[in-house]
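Novice: structure for this input, please:
(chains A and B)
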Amino acid sequence: GAVVSQHPSWVICKSGTSVKIECRSLDFQATTMFWYRQFPKQSLMLMATSNEGSKATYEQGVEKDKFLINHASLTLSTLTVTSAHPEDSSFYICSATVATGELFFGEGSRLTVL
Amino acid sequence: GENVEQHPSTLSVQEGDSAVIKCTYSDSASNYFPWYKQELGKGPQLIIDIRSNVGEKKDQRIAVTLNKTAKHFSLHITETQPEDSAVYFCAASIRGDYKLSFGAGTTVTVRA
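Specialist: Below you'll find the predicted structure:
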C-alpha cells in the first residue's frame, strides 16, 4: 500500500510550548490529508481535513487556533499544537487518500505535555 | 452523520480458530467499508476493504462480507495466529467524501 510517514514518532514538551508534527506521503501525491486524535483504548477521532493550497476544515469542537494545520504541498501536511497543555497529550495520526479512494495512515505521533 | 457500531469490544480465540467482528452503519449512502488493524503504539494498517457493489471479498485468511439491506458488514479471520492479536477497527464512508467514520474497535487476542 501507499506509504505515509509521520515525524516525530514521539515528542515530550513543556506546557506552553508549541509542537509541530509532519505528515508526508512518500510515494504519491495527496491533495487531501486527514488528522486524527486517539486517546488510549479509544477509537480514532477526526480532527480536521487538510486540503493542499487551501484552509483546513475542522470538525466540530476542534479549536482551529489550537491545532494549526498547513498543507503547503501535495506531499506534506503539518499539524502544530500551539501552547500545548497536559490535556493535549495524545496520539496524533495523519492519513492520506490515494486516487482509488483507499485511506492510508501514518505511524502516529505520541505527544506528552508535561 | 454516519454512526458505526462495532461488536464485540474484545475477542479472545484459540490459535487456529476463526474470529468474527461485526459492524453496523446508519447512513444508507455509505458505500466504502475498510477494515484496519492497529498494533500497540502504531498507526492503523488497512487490511481489507469492500465497496457496496460487491457482497464479499477475500484475501488469504481474511474476508469481509457486506449486507447493504441490513446495513452491516463483518470481518472474518480464519486460522488465527498469535500475530493476528491487535485492535481491529471497521469504518464507513461515502466514496468521494473520504471521511471515515470508525467503529469503537475490537481487541483481538489469539491464545497460543
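
Novice: for the rest of this, base every contact and every neighbour count on C-alpha atoms.
Specialist: OK.

Novice: now do the contacts for residue A:6.
Specialist: A:21, A:22, A:23, A:24, A:93, A:94, A:106, A:107, A:108, A:109 (C-alpha atoms under 8 Å, 6 or more residues apart in numbering or on different chains).

Novice: hang on, residue A:112 packs against residue A:89?
Specialist: Yes: in this structure, residue A:112 is within contact of residue A:89 by C-alpha atoms under 8 Å, at 4.7 Å.

Novice: grab the nearest non-local neighbour of residue B:7.
Specialist: residue B:22 (5.4 Å; C-alpha to C-alpha, 6 or more residues apart in numbering or on different chains).

Novice: can you pull the pLDDT of the one you found?
Specialist: Note for residue B:22: predicted pLDDT of 98.

Novice: try residue B:96
Specialist: 64.

Novice: check residue A:96 too.
Specialist: pLDDT, residue A:96: 92.

Novice: can you tell me how far the closest residue to chain A within chain B sits from residue A:96?
Specialist: When scored by C-alpha to the nearest C-alpha, chain B has residue B:43 as its residue closest to chain A, at 4.1 Å. Going from residue B:43 to residue A:96 by C-alpha to C-alpha, to the nearest Å gives 12 Å.

Novice: skipping adjacent residues, who's closest to residue 54 in space?
Specialist: All of this is about chain A. residue A:71 (7.5 Å).

Novice: wrong one, chain B
Specialist: Sequence neighbours aside, residue B:66 is the residue nearest to residue B:54 in space, at 7.5 Å (criterion: C-alpha to C-alpha, 6+ apart).

Novice: beta partners of that neighbour?
Specialist: residue B:73 (DSSP bridges).

Novice: ok, how many other residues are close to it?
Specialist: Neighbourhood size, residue B:66 [other C-alpha atoms under 10 Å in any protein chain shown]: 22.

Novice: contacting residues for it?
Specialist: Residue B:66 makes contact with B:50, B:52, B:54, B:55, B:56, B:72, B:73, B:74 under the criterion C-alpha under 8 Å, 6+ apart.

Novice: what about the nearest residue to the second one once chain neighbours are set aside, distance to residue A:71?
Specialist: Of all residues beyond its chain neighbours, the one nearest residue B:52 is residue B:31 (4.8 Å), with distances taken as C-alpha to C-alpha, 6+ apart. For residue B:31, the distance to residue A:71 (C-alpha to C-alpha) stands at 28 Å.

Novice: so for those two, which residue has more residues nearby?
Specialist: residue A:71 (24 against 16).

Novice: mind jotting down where the strands sit in chain B?
Specialist: Applying DSSP state E to chain B gives strands spanning B:4-7, B:10-14, B:19-25, B:32-38, B:45-51, B:56-59, B:62-67, B:72-77, B:86-92, B:101-102, B:106-111.

Novice: that older thread, ranking by neighbours, what's the top pick from the contacts of residue B:66?
Specialist: In the contacts of residue B:66, the most neighbours by other C-alpha under 10 Å go to residue B:73, 24 neighbours.

Novice: per-residue pLDDT, that one?
Specialist: 97.

Novice: so it touches residue B:67, yeah?
Specialist: Yes: using C-alpha under 8 Å, residue B:73 is in contact with residue B:67, at 6.0 Å.

Novice: just give the closest residue to residue B:63, not the sequence neighbours.
Specialist: residue B:76 (5.1 Å).

Novice: any idea how far stretch B:46-56 is from the chain center?
Specialist: Relative to its chain's centre, stretch B:46-56 lies at 10 Å (C-alpha atoms, centre = their mean, to the nearest Å).

Novice: and if you look at stretch B:88-106?
Specialist: For stretch B:88-106, the distance to the chain centre is 9 Å (C-alpha atoms, centre = their mean).
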